[in-house]
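Student: Sharing a model that was predicted from the sequence below.
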Amino acid sequence: MSGKGGVGKSTVTALLAIHLARKGKKVAILDADFLGPSIPKLFGLDDASIGFTEKGIEPAITRKYGIKVLSIQFLLPEKDTPVIWRGPMIAGVIKDLIGKTNWEGVDYLLFDLPPGTGDAPLTLMQTANLDGVVMVASPTELTSIIVEKALNMAKMMNTRVTGLVENMSYFKCPHCGVISHIFGKHRARKLAEKYGLEVLAEIPIDPELAELSDLGEIESYETDYFREITL
Ligand SMILES: Nc1ncnc2c1ncn2[C@@H]1O[C@H](COP(=O)(O)OP(=O)(O)OP(=O)(O)O)[C@@H](O)[C@H]1O
């Protein structure tokens, strides 16, 4: 989850799923960002369809690492159909998708959430028996109160925070290799210290990552920024 939008939640969810899959784990992603689902696009699954068997909804499968992906996008009549739902509807659909999908054999189920502390994180924290929350933030957001609000939500809901991911943390010049902390240095580390949390990854701004994401080829992104994650 994240306090604000556009900080790279979906990108980080995808990179974390790839990290775990490369370690031999069976991974699934439930795209719970119904209003702005972007997980299918990252994996080139825009035109994917899902199946229905006696075991429930069968998610789409990514090409390279066999990650199971379920998104509301797969259930809409047209790609550009908006989802216009009030809170109780969102909560109901999240519960349905968790309960009625075939997650058999999956070691890790990741949820990509919409930004903020709204209905989707509330529903998951109340009903999904989560192992933890990965908080994603950009350096600029890390000094604002908004990340702390999200951290406090997890605390109030008795949900463990697995750790922080600082996205767009720095930029490494492709010509000379110099690292520039454009938006400030080690902000996640400072916040992690304050809350006794772990920094799971510091991910740079990388045009290659943006391009592969746009092309639906995020599984071809080779660099892994994640440290060992203990759940
Ligand atoms: N580290 C990065 N380097 C380069 N581009 C990035 C990086 N992280 C994210 N982006 C780009 O920034 C944009 C927003 O990322 P993303 O969709 O993952 O954010 P989000 O937090 O999930 O957004 P939303 O709040 O809309 O759900 C995308 O175009 C993505 O490719």
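Tutor: Looks like it arrived, so ask away.
Student: And the contacts of stretch 111-118?
Tutor: With CB atoms under 8 Å, 6 or more residues apart in numbering as the test, stretch 111-118 has contacts from 1-7, 9-10, 13, 29-36, 38-39, 87, 120-121, 124, 128, 149-150, 153. In short, each C-beta sits where N, CA and C put it, glycine included.
Student: can you tell me the distance between the two ends of it?
Tutor: End-to-end distance for stretch 111-118, by CA to CA, to the nearest Å: 14 Å.
Student: Equivalent analysis for stretch 42-49, please.
Tutor: Note: stretch 42-49 ends 15 Å apart using CA to CA.
Student: can you pull the buried residues of that stretch?
Tutor: Buried residues in stretch 42-49, counted by 16 or more other CB atoms under 10 Å: 42, 43, 44, 45, 48.
Student: Now, the contacts of stretch 111-118 that are in strands?
Tutor: If you go by DSSP state E, those have 29, 30, 31 in strands.
Student: ok, the first one - contacts?
Tutor: Which is residue 29. Going by CB under 8 Å, 6+ apart, residue 29 touches 13, 14, 17, 39, 67, 68, 69, 70, 109, 110, 111, 112.
Student: Next step: the residues you listed restricted to helices.
Tutor: Among those, DSSP state H puts 13, 14, 17, 39 in helices.
Student: wouldn't the last one be in contact with residue 15 here?
Tutor: It refers to residue 39. No. Using CB atoms under 8 Å as the test, residue 39 is too far from residue 15 to be in contact (11.8 Å).
Student: So what's the residue count around residue 208?
Tutor: Close neighbours of residue 208, defined as other CB atoms under 10 Å, add up to 12.
Student: Wait, a strand at residue 166?
Tutor: Yes. Under DSSP: H, G, I helix; E, B strand; the rest coil, residue 166 falls within a strand.
Student: For it, the count of nearby residues, please.
Tutor: Neighbour count of residue 166, defined by other CB under 10 Å: 30.
Student: Surely it touches residue 134?
Tutor: No. Here residue 166 lies out of contact with residue 134, judged by CB under 8 Å, at a distance of 11.6 Å.
Student: got the contact list for the helix or strand of the chain with the lowest mean pLDDT?
Tutor: Here the helix or strand of the chain ranked lowest by mean pLDDT, DSSP states H and E is helix 139-142, holding a mean of 85. Residues outside helix 139-142 that contact it (CB under 8 Å, 6+ apart): 2-4, 7, 147, 166, 168-169, 181-184, 187-188, 190-191.
Student: Quick one: which of those is the most crowded by neighbours?
Tutor: Counting neighbours by other CB under 10 Å, residue 166 leads the contacts of helix 139-142 with 30 neighbours.
Student: Relative to residue 203, how far out is the spatially closest residue to that residue that is not a sequence neighbour?
Tutor: Spatial nearest neighbour of residue 166, chain neighbours left out: residue 188 (3.5 Å); criterion: CB to CB, 6 or more residues apart in numbering. Between residue 188 and residue 203 the distance is 10 Å, computed by CB to CB, to the nearest Å.
Student: any shared contact partners between the two?
Tutor: Common neighbours of residue 188 and residue 203, using CB under 8 Å, 6+ apart, are 165, 166, 169.
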